[in-house]
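A.B. asks: Using only what follows, build the 3D model:
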Amino acid sequence: MKKILYVLIVLIFNSYPVNAKEIKCETALSKLSPKCNFIGKGMEKMKKFSEKNKTLNQSYENVKTAVEKKLKKK
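C.D. replies: The predicted structure follows:
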């Protein structure tokens, strides 16, 4: 009986981290977090963009490869 109880406790506690990763944007305070509003999401995209394009040369090369890919598709 104790073994079954231990197994059930372990299974219950293992399910909590899965539920904790969900983003909940229901309350007014949670809606202010960057993950819940469009400004925070936009800032994340800007950070990713600036990581790829730190210099003018990197920006030029990225645009050049993107244009070449589009021309090859047509």
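A.B. asks: So for Met43, what's the nearest residue that isn't a sequence neighbour?
C.D. replies: Spatially, and ignoring its direct neighbours in sequence, Met43 is nearest to Pro34 (6.6 Å; C-beta to C-beta, 6 or more residues apart in numbering). In this view, the C-beta of every residue, glycine as well, is placed from N, C-alpha and C.
A.B. asks: For the one you found, grab the count of nearby residues.
C.D. replies: When neighbours are counted by other C-beta atoms under 10 Å, Pro34 registers 12.
A.B. asks: Same check on Leu29?
C.D. replies: By other C-beta under 10 Å, the residues close to Leu29 number 8.
A.B. asks: Against Ile39, how distant is it?
C.D. replies: Using C-beta to C-beta, to the nearest Å, we find Leu29 at a distance of 16 Å from Ile39.
A.B. asks: Please, where are all the helices along the protein?
C.D. replies: Secondary structure of the chain by DSSP state H: the helices cover 2-20, 28-31, 38-52, 56-73.
A.B. asks: Would you agree the residue nearest to Met43 is in contact with Gly40?
C.D. replies: Yes. Shown here, Pro34 and Gly40 form a contact pair, counting by C-beta atoms under 8 Å, at 2.6 Å.
A.B. asks: just to revisit the earlier point, would you list the helices of the chain in JSON lines and tack on mean pLDDT?
C.D. replies: Below are the helices of the chain laid out as JSON lines (pLDDT from 0 to 100):
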{"stretch": "helix 2-20", "mean pLDDT": "66"}
{"stretch": "helix 28-31", "mean pLDDT": "78"}
{"stretch": "helix 38-52", "mean pLDDT": "85"}
{"stretch": "helix 56-73", "mean pLDDT": "90"}
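A.B. asks: How much space separates the residue nearest to Met43 from Glu44?
C.D. replies: Between Pro34 and Glu44 the computed distance is 7 Å (C-beta to C-beta).
A.B. asks: Equivalent analysis for Asn57, please.
C.D. replies: To Glu44, Asn57 is 25 Å away according to C-beta to C-beta.
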